[in-house]
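1. okay, sequence plus prediction incoming.
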Amino acid sequence: MAETINLGKALNHGLRRSLENDPKVVIMGEDVGKLGGVFRITDGLQKDFGENRVIDTPLAEAGIIGTAVGLAIRGYRPVCEIQFDGFVFPAYNQIVSQVAKMHYRSKGNVRLPIVIRIPFGGGIGAVEHHSESPEAYFSHTPGLKVVTCSNPADAYAMIQQAIASDDPIVFFEPKRRYWEKGEVDLDLPLDGAYPLHAARTARPGNDATLLAYGPMVKVALDAAAAAAEDGRDLEVIDLRSLSPIDYPVIFDSVKRTGRAIVVHEAPGNLGLGSEIAARITEECFYSLEAPVLRVTGYDIPYPAARAEEEYLPDLDRVLDAVDRSFGW
């Protein structure tokens, strides 16, 4: 049954379905129970599944992840919510030193099927610690898988796929897209969903490739629609998975279009755009008509809310990069 719902509600439905299908799934985090989370993503779940499966924790991110490690070792599938992106750093030691390494440390004998949900990115009028994009830290860490959704249909399927996976997964949710609606097939079987770690062509095109993920996919699609009015046919790739990255889809697109622009909110210095640009240059060098360009946040701490629209990549900055690529 297909319904038109927003991205936040799609995540709620996906979490509910995972709780129903596997009694070992538990949700834990600050205010996830009685309140339903600050963004209401877990609304109603504690009421329906009880306090032993949807657990309100103390304000202690290291404790949340450390407890999840113990639960996972005992056979549970913890889903941890980090309330805001900038709050993840007290748990960074647990994630990088324990969650990412346990499988390797145990010679493959111990798996940690933990999902760490992180609302990320700006655009909601919040301040620092509430509007950050820390995805590169975790994508750089061997032993972790990192994914992000950009639309309700992917949100619904991907959260279930992440919970069902035996690997530890950091699941970034584009918070400023929580209220944007789309059609979701709520009866879609998990084995019929698009693969979790596969990139998707969000808009086909032939003249240049825009590569984006999470909240920037909509910006890239808007830019492609605007460029079409000038006769430019842009392809938009939604990366979806940040570690591993689906490079074959990227390479195939760039070899056809000859141009690539990577778009993300995080600062440009050592961001994911740098790695993607390097890999494209290595693999597609003789197909490129121009250097790979990046449109990113600036290399400064996230600004005050009144200045965030100047910081965030927008349609004009993406179109400017497209113009520069064609003018090379």
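-> It's in.
2. by contact count, what packs against whatever helix or strand I276 lives in?
-> Using DSSP states H and E, I276 sits within helix 272-284. Packed against helix 272-284 by the contact rule (3 or more Cβ pairs under 8 Å, 6 or more residues apart in numbering; DSSP states H and E) you find helix 135-139, helix 247-257, strand 260-267, strand 293-297. (Each C-beta comes from the backbone N, C-alpha and C, glycine too.)
3. list of residues touching it?
-> 135-136, 139, 211, 213, 242, 245, 247, 250-251, 254-255, 260, 262-264, 266, 268, 288, 292, 294, 296 (Cβ atoms under 8 Å, 6 or more residues apart in numbering).
4. count the residues that sit near E309.
-> 12 (other Cβ atoms under 10 Å).
5. chain center to the one helix or strand it maps to: distance?
-> Secondary structure assignment for E309, by DSSP H and E: helix 308-311. Centroid separation for helix 308-311 versus its chain: 21 Å, with Cα atoms, centre = their mean, to the nearest Å.
6. show the buried residues in the contacts of helix 272-284.
-> Among these, those classed as buried by 16 or more other Cβ atoms under 10 Å are 135-136, 139, 211, 213, 242, 245, 250-251, 254, 260, 262-264, 266, 268, 288, 292, 294, 296.
7. quick check, E183 in contact with E3.
-> Yes. Counting by Cβ atoms under 8 Å, E183 does reach E3; the two are 7.2 Å apart.
8. so what's the gap between stretch 258-267 and the chain middle?
-> 15 Å.
9. circling back to that earlier point, buried residues in the helix holding I276, which are they?
-> Those would be L272, G273, S274, E275, I276, A277, I280, C284, for helix 272-284 by 16+ other Cβ under 10 Å.
10. circling back to that earlier point, E183 and E3: who's more crowded?
-> E3 (16 against 11).
11. distance of Y178 relative to C284?
-> 35 Å (Cβ to Cβ, to the nearest Å).
12. who's in contact with A2?
-> Going by Cβ under 8 Å, 6+ apart, the list of residues near A2 reads E183, V184, D185, L186.
13. would you mind giving the domain segments of the protein?
-> According to automatic domain parsing, the chain is divided into the following domains: 2-192, 200-326.
14. just the strands in the stretch 1-150 of the chain please.
-> 2-6, 25-29, 54-56, 77-81, 115-120, 145-148 (DSSP state E, counting those that start in this stretch).
15. turn the ones you listed into TSV, including mean pLDDT and distance to R200.
-> Shown next, in TSV, are the strands of the stretch 1-150 of the chain (pLDDT from 0 to 100; distance: least, Cβ to Cβ, whole Å):
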stretch	mean pLDDT	distance to R200
strand 2-6	95	18
strand 25-29	98	26
strand 54-56	98	31
strand 77-81	98	24
strand 115-120	98	19
strand 145-148	98	12
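16. so which of the ones you listed is nearest G37?
-> Of all the strands of the stretch 1-150 of the chain, strand 77-81 sits nearest to G37, with 6.3 Å by Cβ to Cβ.
17. phi, psi for G44 please.
-> phi 80, psi -10 (degrees, to the nearest 10).
18. swap in S131?
-> Per degrees, to the nearest 10, the backbone of S131 is at phi -150, psi 30.
19. next: R111.
-> phi -110, psi 150.
20. what's the closest non-adjacent residue to E51?
-> Using Cβ to Cβ, 6 or more residues apart in numbering and skipping residues adjacent in sequence, the residue nearest E51 is G33, 6.5 Å away.
21. please render the strands of the stretch 1-150 of the chain as JSON lines that adds distance to H130 to the earlier fields.
-> As requested, the strands of the stretch 1-150 of the chain are arranged in JSON lines below (distance: least, Cβ to Cβ, whole Å):
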{"stretch": "strand 2-6", "distance to H130": "20"}
{"stretch": "strand 25-29", "distance to H130": "16"}
{"stretch": "strand 54-56", "distance to H130": "20"}
{"stretch": "strand 77-81", "distance to H130": "14"}
{"stretch": "strand 115-120", "distance to H130": "9"}
{"stretch": "strand 145-148", "distance to H130": "17"}
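22. the residue nearest to E51 and I55, how far apart?
-> 7 Å.
23. so which of these two has more stuff around it?
-> With neighbours defined as other Cβ under 10 Å, G33 and I55 compare such that G33 has more, 22 against 19.
24. so who does the residue lying closest to V110 once chain neighbours are set aside touch?
-> Nearest residue to V110 in three dimensions, chain neighbours excluded: M102, at 5.3 Å (Cβ to Cβ, 6+ apart). Contacts here follow Cβ under 8 Å, 6+ apart; on that basis M102 touches V69, I73, V110, R111, L112.
25. again with K218
-> S150, R177, E180.
26. which SS class is it?
-> For K218, the secondary-structure state derived from DSSP: H, G, I helix; E, B strand; the rest coil is helix.
27. make 41 the first number, not 1, from now on.
-> All set: I'll call the first residue 41, so the last point we hit is now K258.
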